[in-house]
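Student: this is a predicted model, with the sequence first.
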Amino acid sequence: MYEFTTQGTCSSKIRFEIIDNKIHGVSFENGCEGNLKAVGILTEGMGTEDLVKKLKGLQCGTRGTSCADQLALAVEKACKG
């Protein structure tokens, strides 16, 4: 299980597993509950490279990041070791 502390978002932590280069069990602490549950459901079983490619760089308003972007950064960091 990976745990990542977010920066610049309403959520404060992201937890997930990577099994055979696929994402499982994504959950967020705090933030927009409905939207973040949807992110977890939509990313379940997604390949790590696909997730990073699709979500990295998404912004929430003028924050310069988003919960989805933070998830992409967390997955990228976990994959690099």
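Tutor: Happy to help now that I have it. Numbers count the residues shown, from 1 in each chain.

Student: pretty sure Asp69 belongs to a helix, no?
Tutor: Yes. Judged by DSSP: H, G, I helix; E, B strand; the rest coil, Asp69 forms part of a helix.

Student: measure it to Leu51 for me?
Tutor: 11 Å (Cβ to Cβ, to the nearest Å). (Each C-beta comes from the backbone N, C-alpha and C, glycine too.)

Student: and these two? Which one has more around it.
Tutor: Legend: neighbour count by other Cβ atoms under 10 Å for Asp69 and Leu51, higher for Leu51 (24 against 20).

Student: spatially central residue for this protein, please.
Tutor: Leu71 (1.9 Å; Cα atoms, centre = their mean).

Student: quick check, it in contact with Thr43.
Tutor: Yes. Applying Cβ atoms under 8 Å, one finds Leu71 in contact with Thr43, separated by 7.2 Å.

Student: show me whatever sits in contact with both of the two.
Tutor: The contact sets of Leu71 and Thr43 overlap at Val26, Leu51, Leu55 (Cβ atoms under 8 Å, 6 or more residues apart in numbering).

Student: pretty sure the last one is touching Asp69, no?
Tutor: Yes. The pair Leu55 and Asp69 passes the contact test of Cβ under 8 Å, sitting 6.2 Å apart.

Student: sec struct for Phe4, please.
Tutor: Counting by three-state DSSP, the backbone at Phe4 sits in strand.

Student: ok, it to Thr62 distance?
Tutor: Phe4 sits 22 Å away from Thr62, going by Cβ to Cβ.

Student: sounds good, over and out.
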